[in-house]
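Asks: sequence first, predicted coordinates after that:
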Amino acid sequence: MQTLIQMIIRLVAAIAAAALAQFGVDVNTPEAEREVRRMADCTEQVAELTAPPPSHNC
């Protein structure tokens with residue numbers, strides 16, 4: 001019996017959401033927006049960390 005009541009409640013909620021969607025009302029909770037951060041260009045740091053080219057004047 002409780003399962004039948006839950007199914008009816010879900011059906012009524014779905015119908016209400018569909019009806020409200022016709023008027024532009026969004027009943028779904030929005031997800032948190034993802035934060036986008038720009039990273040600094042690290043080409044200078046990479047150049048410092050890499051080994052210098054071998055010397056041919058041995």
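Replies: Great, that's in hand.
Asks: elements contacting the lengthiest helix in the chain?
Replies: The longest helix of the chain (DSSP state H) is helix 2-21. In terms of contacts (3 or more C-beta pairs under 8 Å, 6 or more residues apart in numbering; DSSP states H and E), helix 2-21 is not packed against any helix or strand. To be clear about C-beta, it is placed using only N, CA and C from the backbone, and glycine gets the same treatment.
Asks: average pLDDT for it?
Replies: The predicted model assigns helix 2-21 a mean pLDDT of 91.
Asks: put the alpha carbons of it into PDB.
Replies: The C-alpha coordinates for helix 2-21 follow below in PDB (Å, rounded to 0.1, in the frame of the first residue of the first chain):
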ATOM      1  CA  GLN A   2       2.800   2.400   0.900                       C
ATOM      2  CA  THR A   3       4.500   1.600  -2.500                       C
ATOM      3  CA  LEU A   4       1.200   2.600  -4.300                       C
ATOM      4  CA  ILE A   5       1.100   5.900  -2.400                       C
ATOM      5  CA  GLN A   6       4.700   6.600  -3.200                       C
ATOM      6  CA  MET A   7       4.000   5.900  -6.900                       C
ATOM      7  CA  ILE A   8       1.000   8.200  -6.900                       C
ATOM      8  CA  ILE A   9       3.100  11.000  -5.200                       C
ATOM      9  CA  ARG A  10       5.900  10.600  -7.800                       C
ATOM     10  CA  LEU A  11       3.300  10.700 -10.700                       C
ATOM     11  CA  VAL A  12       1.700  13.900  -9.300                       C
ATOM     12  CA  ALA A  13       5.200  15.400  -8.800                       C
ATOM     13  CA  ALA A  14       6.100  14.600 -12.400                       C
ATOM     14  CA  ILE A  15       2.900  16.000 -13.800                       C
ATOM     15  CA  ALA A  16       3.400  19.200 -11.700                       C
ATOM     16  CA  ALA A  17       7.000  19.600 -12.900                       C
ATOM     17  CA  ALA A  18       5.800  19.100 -16.500                       C
ATOM     18  CA  ALA A  19       3.100  21.700 -16.100                       C
ATOM     19  CA  LEU A  20       5.400  24.200 -14.400                       C
ATOM     20  CA  ALA A  21       8.000  23.700 -17.200                       C
END
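Asks: no further queries at this time; thank you.
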